[in-house]
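*Asks:* Using only what follows, build the 3D model:
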Amino acid sequence: MTLIPITATPTGLSLAMPGGGAPEPAIRAALTDLPATAPVVIMLHGKGYCPGRPAIDPHALIFAPRAGHGRSRFVSWPRRLGFALPGPHRPRGLCLAFGWESTGSLRRATAAADTAALMLARLVQAIRRADPGRRVDLIGHSLGARVILGAVPLLAAGTLDRVILLAGADFTDRARQALTSPAGQTAEFLNITTRENDLYDFLFERALSPLGRAGALGRGLGGAANWLDIQIDHPATEAALRALGLPLARPRARICHWSVYLRPGVFRLYRALLHDRARLNLPLLRAALATPQHPRWTRLVPARSAG
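*Replies:* Prediction:
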């Protein structure tokens, strides 16, 4: 089994499959068949999902082995990350889908993300108990990034390997705090940004930091040796990725919260970051992709001028 669906509640973790039960035995069994160098990747969704409710169940939609409901926004993350592909050539590793209830208002969902962070930390600790040397990577979109950054300070040094944040709905000050923790100092953080997400970053700041004292992750962080901001709609970034054999399609929207996983080519990039780390090491990525972030609203300026 290369994909294990897991549901987190405020009181614990369970398998999101018939029969349910604690996930640790299934994880332990899956790990016994993996090479020592194969990663465990935990995927985290953002706002608007609820495990067990079919219309918004992440395990039936973006975490399904195949795309759910036929709607373009619900592409299969595990399939595109290389864990649910047919045939013998799929990358070896274990993919865990971390589902949590993120419905309701932004404030309610953000509070739920903070609670889910504790469960994510417990899941990572369970993996390390089962296989202390196992590499654990995380990839999360929107409020899933907040779950991740809330879990990092709860973990020991060396617990996490590579962390990919997709249009993260969290603040730079929380990211800096996470980076000072034992696990935060030893992990690598790749902060995927795009000016297509500026409106969502602005609304997030206004809702949760109305005095403007904290900036969203989309502004970029910089300054940390193990953190890299990657603005995927920056022409220099696009050119560098083409040179690395990872071309992206041109961005299609001025405003989009989901382009970080809907834009053609981005999952090829994330798959390479997870499965080809020896080639795409952090020094190489920094040399190729460390481009200053464009200012906010850059993608809307032509629209304003035209109006």
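
*Asks:* ranges for the helices of the stretch 1-150 of the chain?
*Replies:* Using DSSP state H, counting those that start in this stretch, the helices assigned to the stretch 1-150 of the chain run over residues 24-31, 77-80, 106-130, 143-151.

*Asks:* Export these to a markdown table and append columns for distance to Leu246 and mean neighbour count.
*Replies:* All C-beta spots, glycine's among them, are computed from the backbone N, C-alpha and C. As requested, the helices of the stretch 1-150 of the chain are exported to a markdown table (distance: least, C-beta to C-beta, whole Å; neighbours: other C-beta atoms under 10 Å):
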| stretch | distance to Leu246 | mean neighbour count |
| --- | --- | --- |
| helix 24-31 | 29 | 16 |
| helix 77-80 | 14 | 22 |
| helix 106-130 | 28 | 19 |
| helix 143-151 | 21 | 29 |
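
*Asks:* which one of these lies closest to Thr172?
*Replies:* helix 143-151 (10.2 Å; C-beta to C-beta).

*Asks:* could you check the angle helix 143-151 makes with the next helix or strand after that closest one?
*Replies:* Following helix 143-151 in sequence order, the next helix or strand is strand 162-166 (DSSP states H and E). Interaxial angle, strand 162-166 versus helix 143-151 (axes from the mean of the first three to the mean of the last three C-alpha atoms, to 10 degrees): 140 degrees.

*Asks:* so how far is strand 162-166 off the chain centroid?
*Replies:* Taking the mean of its C-alpha atoms, strand 162-166 sits 5 Å from the chain's own mean (C-alpha atoms, centre = their mean, to the nearest Å).

*Asks:* could I get that strand in CSV with only the CA atoms?
*Replies:* C-alpha atoms of strand 162-166 as CSV (Å, rounded to 0.1, in the frame of the first residue of the first chain):
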residue,chain,number,x,y,z
ARG,A,162,11.6,18.7,3.5
VAL,A,163,8.5,20.9,3.9
ILE,A,164,6.6,22.3,0.9
LEU,A,165,4.1,25.1,1.7
LEU,A,166,1.7,25.9,-1.1
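
*Asks:* Mind listing the strands that strand pairs with, and their directions?
*Replies:* Sheet pairing for strand 162-166, assigned by DSSP bridges, gives strand 136-141 (parallel), strand 188-193 (parallel).

*Asks:* Now do Arg174 against Ala145, distance only.
*Replies:* In this view, Arg174 and Ala145 are 10 Å apart by C-beta to C-beta, to the nearest Å.

*Asks:* Ok, Pro235 next?
*Replies:* Counting by C-beta to C-beta, the gap from Pro235 to Ala145 is 25 Å.
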